[in-house]
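1. Sequence first, then the predicted structure, then my questions.
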Amino acid sequence: MKKFLLLSVLLFVLQSCKKETTKSNELSTTNEATFFESPVVIQFHSENRCMTCNKIEALTLETLKSHPELEFKLVNVDDAKNEKIATAFEATGTALYLYNPKTNAKLDLTDFAFMNAGDEEKFKLELNQKVNEFIQ
């Protein structure tokens, strides 16, 4: 009986936390308008950056030279002033996103970036393709 009661309380707490988290992570048009006004590529990072994180930034910046319509933003998730945006994108460390504030569309490119950071040509080619698909 004690196990059942403990399990019930634990499930209730977890469910409550889940609902709270979902509400705070939802992107609203009003909040996002304060972050960006036009389509943007956002790279989140922590205070201490690794070689791969720096490589992702460099390759992304090189690729975006052919996309002047996109802005690049570098956001330190460890800086308290960036808490809202980091929470909105659920970023706790290195992450790469394409985001359009007008449509509220976002594309998580984090896995892609880490998997391809070692292959410069593949990274630039595929990121360029993803950007073209996203902005159409």
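-> Structure received.
2. Show me where the chain has its helices.
-> Secondary structure of the chain (DSSP state H): helices located at 2-25, 29-35, 51-64, 83-88, 110-116, 120-135.
3. Of all the residues in the fourth one, which ones are buried?
-> Across helix 83-88, burial judged by 16 or more other CB atoms under 10 Å covers Ile85, Ala86, Ala88. Quick note: C-beta positions are derived from backbone N, CA and C, even for glycine.
4. helices or strands up against that helix?
-> helix 2-25, helix 29-35 (3 or more CB pairs under 8 Å, 6 or more residues apart in numbering; DSSP states H and E).
5. Just give me the lowest mean pLDDT stretch among the ones you listed.
-> Ranked by mean pLDDT, the helices and strands packed on helix 83-88 bottom out at helix 2-25, which scores a mean of 41.
6. From His45, how far out is Gln129?
-> Plainly put, Gln129 is 24 Å away from His45 if you go by CB to CB, to the nearest Å.
7. what about these two, which has more around it?
-> Higher neighbour count among Gln129 and His45: His45, with 21 against 10, using other CB atoms under 10 Å.
8. correct me, but Phe36 touches Leu70?
-> No. The pair Phe36 and Leu70 does not pass the contact test of CB atoms under 8 Å, sitting 10.6 Å apart.
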